[in-house]
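Q: All I have is the shape, not the residue letters:
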C-alpha cells in the first residue's frame with residue numbers, strides 16, 4: 001500500500017478519511033477596493049472560506065475655502081486638514097453577517113466667502129474607523145497690512161490596531177497688499193495635500209486618497225472659489 005506524507009501545518013485528515021486544507025491556512029485570496037464615496041454592505045456568507053480580514057480605512061480630506069480681495073488688497077486662506085487612517089486584522093468569527101462599509105466624501109469647495117466643507121469619516125463596521133479632515137476656514141479678510149493665521153488642526157485618531165489622525169492644513173499669511181501665501185492642504189496616510197498659492201487662484205487639489213485641499217488666494221479685486229478635498233478609501237483583504 002502506498003503511503004502519502006502530509007504537511008500538517010496546512011492539511012488535516014478528517015474523520016471521514018478525506019484530506020482537507022486547514023481553515024485559515026490558504027493565505028490572501030481576494031482584495032476588495034471601495035473607492036467611491038458612499039455606504040456599502042459586506043456579506044460574510046459570500047465568502048464561505050473566509051478566515052479573517054485585514055481592513056485599511058482612509059477618511060476624506062477637508063475642502064479649501066475661497067477668497068475675495070478688494071482693489072489693491074489681498075486675502076489668502078488656510079488649507080483643509082487631511083483625513084485620518086486606521087487598519088485592523090479581524091477574525092471572521094467575530095464579524096456580523098453583514099458589516100457596513102462607509103467611504104467618506106471629500107469636503108466641499110468653499111465659495112469666495114464660505115469655508116471649505118469637512119471631509120467624511122470612513123469605516124468598516126464598528127471595528128475600524130477613521131475621522132475626516134476639517135475644512136479650511138475663511139479667516140483672512142481683504143487688506144494690505146501684514147497678518148498671519150494658524151492652520152486647520154488635523155482630526156483625532158479613530159479606532160483600529162493602528163489608528164492615526166490626519167495632517168493639519170497649513171496657515172496663511174499676508175506681507176502686503178501684493179505679497180502673501182495661502183495654506184497648503186493636510187497630508188494623509190494614502191494621499192497628499194494640495195499646494196499653496198501666492199497668486200490669484202483656487203488652492204491646489206490633493207492627490208491620492210484623503211488629502212486636504214489648499215486655501216484659495218485672491219488679490220486686487222479678485223474673487224476665487226476653493227477646492228474640494230480628496231475622497232476616502234476602504235480596502236478589505238480577505239484571507240482563507
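A: That came through, no problem. Computed from a predicted structure; not experimentally measured.
Q: in the chain, which helix or strand is least confident?
A: Across the helices and strands of the chain, the lowest-confidence element by mean pLDDT, DSSP states H and E is strand 19-21, at a mean of 58.
Q: I'd like the next helix or strand past it.
A: strand 28-34 (DSSP states H and E).
Q: what does that next one rub up against?
A: Residues outside strand 28-34 that contact it (C-beta atoms under 8 Å, 6 or more residues apart in numbering): 40, 42, 47, 49, 101, 103, 233-240. Glycine gets a C-beta too; all of them are placed from N, C-alpha and C.
Q: Count residues in the vicinity of the closest residue to residue 89 other than its chain neighbours, would you?
A: Distances taken as C-beta to C-beta, 6 or more residues apart in numbering place residue 54 nearest to residue 89, at 5.0 Å, with adjacent residues excluded. By other C-beta atoms under 10 Å, 17 other residues sit near residue 54.
Q: check contacts around residue 54.
A: Here residue 54 is in contact with 87-90, 236-237, 239 (C-beta under 8 Å, 6+ apart).
Q: so what pLDDT did it get?
A: If you check residue 54, the pLDDT there is 98.
Q: quick revisit: from the contacts of residue 54, pick the one nearest residue 152.
A: Proximity of those to residue 152 (C-beta to C-beta) peaks at residue 87, which lies at 24.4 Å.
Q: Next, give phi and psi for the residue nearest to residue 89.
A: phi -120, psi 120 (degrees, to the nearest 10).
Q: Would you mark the buried spots in stretch 103-120?
A: For stretch 103-120, the neighbour count (16 or more other C-beta atoms under 10 Å) marks 103-112, 114-120 as buried.
Q: quick one: it to chain centroid distance?
A: Computed by C-alpha atoms, centre = their mean, to the nearest Å, the chain-centroid distance of stretch 103-120 equals 13 Å.
Q: next one: stretch 233-240
A: For stretch 233-240, the separation from the chain centroid amounts to 17 Å (computed by C-alpha atoms, centre = their mean).
Q: In space, what's closest to residue 162 - neighbours in sequence excluded?
A: Leaving out its chain neighbours, the residue that sits closest to residue 162 by C-beta to C-beta, 6+ apart is residue 87, at 5.0 Å.
Q: okay but that neighbour is in contact with residue 58, surely?
A: No: look at residue 87 against residue 58 with C-beta atoms under 8 Å: they stay out of range, at 9.5 Å.
Q: the more surrounded of the two?
A: residue 58 (31 against 20).
Q: contacting residues for that one?
A: Neighbour list for residue 58: 83, 85, 122, 130, 188-191, 209-210, 232-234 [criterion: C-beta under 8 Å, 6+ apart].
Q: can you rerun that using 10 Å?
A: Shown in contact with residue 58 (C-beta atoms under 10 Å, 6 or more residues apart in numbering): 82-87, 103-104, 122, 130, 132, 166, 188-191, 208-211, 230-235.
Q: Kind regards, and thank you for your time.
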